[in-house]
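Enquirer: The sequence and its predicted three-dimensional model are supplied below.
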Amino acid sequence: MDHHLWMYNMHYETGASLKPEFIDGVRDFIETMILDIIKNNVLSWFFCTVMDLSLDILYELIMEKEMD
């Protein structure tokens, strides 16, 4: 759980500014979330594309069979 401590350690005791650990933690969190979103969208797109192509090929095979 120590890797989440940056969330609770935002300001210096004087409250004057943000601590570098907090800024780095937010940056790492955002980068991780963006990479996760990109990865999931790309995988979803890939799966849908493969399924569309598979259905098109299957439809063509059925149509060819019916023409025989």
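Expert: In hand now; what should we look at?

Enquirer: Quick one: mean pLDDT for stretch 7-17?
Expert: Across stretch 7-17, the average pLDDT comes to 78.

Enquirer: Could you check how far it is from the centre of its chain?
Expert: Average the C-alpha atoms of stretch 7-17, do the same for its chain, and the two points are 30 Å apart (Cα atoms, centre = their mean, to the nearest Å).

Enquirer: same question, stretch 34-45
Expert: Chain-centre distance of stretch 34-45: 4 Å, with Cα atoms, centre = their mean.

Enquirer: again, but for stretch 8-25
Expert: For stretch 8-25, the gap between its own C-alpha mean and the chain's C-alpha mean amounts to 28 Å (Cα atoms, centre = their mean).

Enquirer: got it, and stretch 11-27?
Expert: 27 Å.

Enquirer: Now do that stretch: everything it contacts.
Expert: Where contact means Cβ atoms under 8 Å, 6 or more residues apart in numbering, the residues beyond stretch 11-27 that reach it are 6-7, 9-10. For the C-beta atoms, the positions are set from N, CA and C on the backbone; glycine is no exception.

Enquirer: What is the end-to-end distance of that stretch?
Expert: For stretch 11-27, the separation between the terminal residues is 16 Å (Cα to Cα, to the nearest Å).

Enquirer: what residue is smack in the middle of this protein?
Expert: Central residue check for the chain by Cα atoms, centre = their mean: the C-alpha nearest the mean position is that of residue 37, 1.9 Å away.

Enquirer: Tell me how far that one lies from residue 8.
Expert: Distance of residue 37 to residue 8, computed by Cβ to Cβ, to the nearest Å: 25 Å.

Enquirer: Just the mean pLDDT for stretch 42-51, thanks.
Expert: Per-residue pLDDT values across stretch 42-51 average out to 70.

Enquirer: Show the end-to-end separation of stretch 9-16, please.
Expert: Looking at stretch 9-16, the gap from its leading to its trailing residue is 13 Å under the measure Cα to Cα.

Enquirer: Which positions in that stretch come out as buried?
Expert: Residues of stretch 9-16 classed as buried under the neighbour-count rule (16 or more other Cβ atoms under 10 Å) do not occur.

Enquirer: Also stretch 21-40?
Expert: Within stretch 21-40, the residues that count as buried by 16+ other Cβ under 10 Å are 22, 25.

Enquirer: Cool, thanks, talk later.
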